[in-house]
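> Predicted model follows, preceded by the sequence.
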Amino acid sequence: MQMKSHISKVSQATRKWLQPYNQSLKKAIDKTVEEGLFSFEDIKFQIRTLKQKVDSGQIEEWAKRAELSEIKNSVGQKVLCLHAGNLPLVGFQDALGTILSGADYYGKLSKKDPYLLSGFLKMMDEAHLDNQIQYSTELADFKDLQADKVLFAGSEESVDPVKEKLFKLNAVNDNTEFVIRTAKFSIAYLDNEEPDTLRDMIEAVFRYGGKGCRSVAVIVSPFTLSKVKCHFTDYVEEFWLNNPQLKKPKENLVYQFAFNKAIERDQAWLDDFLVQETDDFPDQEFVLNWVVGDHDKVKELKSRFGNSVQTVYRTGESIDGIKTEFLSNAQTPDLWWEPDGIGVIDSLLR
């Protein structure tokens, strides 16, 4: 495989797929919205973000960072990607990285996001690349695959059942390497109340209804919730006006609100989201935990929550002793960002 030509073909096909005139992408978006899988606003945000990254040359830059060449590549490897479906196109990075590396791509698409990613893969298939590209929403279609590697993102509880199914199907064997990512949420340190900072925070918390491991579920701040509550809710309303939340919380959120009220815990009820002042582990959807504290508190929570934390964001100075990213990049990561600290292409080159 001529890697330079391969990288160029992948880049050109991805750019073509993201063009506004691509009718198949438009149909995939329409179908996804019609079936209530994701909101039009969230899909538009994701596609616009990807287009900006791709148009700025990030596919070529990713290949350069991974040092892909005729010598260093994943050509000949069979890689099975088990894609999640909690966000629109959440599997795009794994799919792109696998194909870019030169590996043969086998993708189990989520039934919660079957149209968007399949359109991208169809475009890749039509680019006449040298690697195999096969995909399905049915795991059984990968029977007897004997994959060399499996890329999987999900909860720790789901890892063993997934492995069991794969072995039963003979899709993997004892030599298959599993690259598993299980982080659930991110933490942000908010040290100012500037309008741009609050807007970045709202985007990081409420985009996609708070789903996704890069979404912020815990905010640590020197300010109490009661101090910023009114200011904060104004920005939430502004965000929701332009980005209505598609999925709604279950009624157990009402019980949590009642519980907080009973124990006199400060909170803000936002109809479809609950903000509460606590440093408990965030184990409910549509809930943001607000913690009063400093850098030391951030480090304590990251240590306590362990591998469940994907990223720690900051709005100002870096935090000694832990790796951080700017809050403004929470929902717009570079193509080569590393889920659970594991680079997609790097994991395939090992």
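Here it is on my side, so go on. Numbers count the residues shown, from 1 in each chain.
> hey, where'd the strands end up in the stretch 101-250 of the chain?
For the stretch 101-250 of the chain, the strands identified by DSSP state E, counting those that start in this stretch occupy 104-108, 133-136, 149-153, 177-181, 185-189, 216-221, in order along the chain.
> okay, these in a markdown table with mean pLDDT next?
Supplementary listing: the strands of the stretch 101-250 of the chain in a markdown table, determined by pLDDT from 0 to 100:
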| stretch | mean pLDDT |
| --- | --- |
| strand 104-108 | 98 |
| strand 133-136 | 98 |
| strand 149-153 | 95 |
| strand 177-181 | 95 |
| strand 185-189 | 98 |
| strand 216-221 | 98 |
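> Quick check: which of these is buried the most?
With neighbours taken as mean count of other CB atoms under 10 Å, the strands of the stretch 101-250 of the chain reach their highest mean count in strand 216-221, at a mean of 26. To be clear about C-beta, it is placed using only N, CA and C from the backbone, and glycine gets the same treatment.
> Give the partner strands of that one in its sheet and their orientations.
Taking DSSP bridges as the criterion, strand 216-221 sits next to strand 185-189 (parallel), strand 287-292 (parallel) in its sheet.
> so where's the stretch 101-250 of the chain shaky on pLDDT?
Within the stretch 101-250 of the chain, no range satisfies pLDDT under 70.
> Show me the helices in the stretch 51-200 of the chain, by range?
If DSSP state H, counting those that start in this stretch is used as the criterion, the helices of the stretch 51-200 of the chain fall at 58-65, 92-101, 116-125, 156-168, 195-206.
> Over to the stretch 201-350 of the chain?
225-242, 252-262, 295-305, 344-349.
> Quick one: closest of those helices to W62.
Nearest to W62 among those is helix 344-349; the distance by CB to CB comes to 6.9 Å.
> doesn't Q46 make contact with T32?
No: with the criterion set as CB atoms under 8 Å, T32 and Q46 do not qualify as a contacting pair; they are 10.9 Å apart.
> And R48, its phi and psi?
For R48, the backbone dihedrals (degrees, to the nearest 10) come out as phi -60, psi -40.
> Just the pLDDT for it.
In this prediction, R48 carries a pLDDT score of 98.
> OK, contacts around it?
R48 makes contact with no residue under the criterion CB atoms under 8 Å, 6 or more residues apart in numbering.
> Could you pull up the residues touching E177?
With contact taken as CB under 8 Å, 6+ apart, E177 is in contact with D148, K149, V150, R350.
> distance of it from A171?
14 Å (CB to CB, to the nearest Å).
> before we move on, back to that, for L25, find the nearest of the strands of the stretch 101-250 of the chain.
Proximity to L25, assessed across the strands of the stretch 101-250 of the chain by CB to CB, is greatest for strand 133-136 (16.3 Å).
> packing partners for that closest one?
Secondary-structure packing of strand 133-136 (3 or more CB pairs under 8 Å, 6 or more residues apart in numbering; DSSP states H and E): strand 104-108, helix 116-125.
> can those go into JSON lines with extra columns for distance to A258?
Formatted as JSON lines, the helices and strands packed on strand 133-136 follow (distance: least, CB to CB, whole Å):
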{"stretch": "strand 104-108", "distance to A258": "41"}
{"stretch": "helix 116-125", "distance to A258": "39"}
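> on that earlier part again, out of the strands of the stretch 101-250 of the chain, nearest to Q12?
Closest of the strands of the stretch 101-250 of the chain to Q12 is strand 133-136, at 15.5 Å (criterion: CB to CB).
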